[in-house]
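Student: The sequence isn't on hand, but the structure is:
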């Protein structure tokens, strides 16, 4: 079973020898399975750019780790940033990127999954679903949900409010809970700001 023994995804038959010419096909699968792609090191002319092109064709966000201008292994990363790739200087940068991606997916799912109904019945149903979602939240998620307001707030403001509550929660934990609230349809995200939905 996959949970206990893992799985293998390939375009080639079992026993096929590993060759560099197969790397683009392998990396296309990797980028396809990823939420976003982060380039750590890359020379000016690097096979990494094949993966980056594939990721962009698949609609994936691309981030790069900036490096010293005298380091040849950073030339490719710095070029990607010049061309508009996201800058990754901390795990929080990637978490914010993931949060935006998942928030957009949740918004698309919400907008396409609801059939047209009588407005009054639809409003009542929405309220009931919202109440059920709130009741299903964990204690930590309820704490974060209580910080949200109808108006947009930045992550730093939410973190300050969390500290005022004397609640020990890291930035990573806060953003994880915000992702869960967005996926549950209880929060809405615009850029790096959030509000109660």
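Tutor: Yep, that arrived. Being a predicted model, the structure only gives us computed values, none of them experimental.

Student: Every contact and neighbour count from this point should use C-alpha atoms.
Tutor: Fine.

Student: Neighbours of residue 189, how many?
Tutor: Residue 189 has 22 neighbours, counted by other Cα atoms under 10 Å.

Student: ok, it to residue 169 distance?
Tutor: The spacing between residue 189 and residue 169, counted by Cα to Cα, to the nearest Å, is 20 Å.

Student: what about residue 190, distance to residue 86?
Tutor: For residue 190 relative to residue 86 (Cα to Cα), the value is 17 Å.

Student: More neighbours: these two, which one.
Tutor: Taking other Cα under 10 Å, residue 190 and residue 86 do not tie; residue 86 has more neighbours (20 against 13).

Student: Wasn't residue 70 part of a strand?
Tutor: No - assessed with DSSP: H, G, I helix; E, B strand; the rest coil, residue 70 is coil; it does not lie in a strand.

Student: Can you tell me the element residue 195 falls in?
Tutor: strand 193-196 (DSSP states H and E).

Student: so what does that strand touch, helix or strand wise?
Tutor: For strand 193-196, the helices and strands in contact under the criterion 3 or more Cα pairs under 8 Å, 6 or more residues apart in numbering; DSSP states H and E are strand 153-154, strand 187-190.

Student: Which SSE is immediately downstream of the first one?
Tutor: Once the chain leaves strand 153-154, the next helix or strand it forms, by DSSP H and E, is helix 155-164.

Student: and the helix or strand just after that following helix, how far out from the chain's middle?
Tutor: As assigned by DSSP H and E, the chain's next helix or strand after helix 155-164 is helix 171-183. Here helix 171-183 is found 11 Å from its chain centre; the criterion is Cα atoms, centre = their mean, to the nearest Å.
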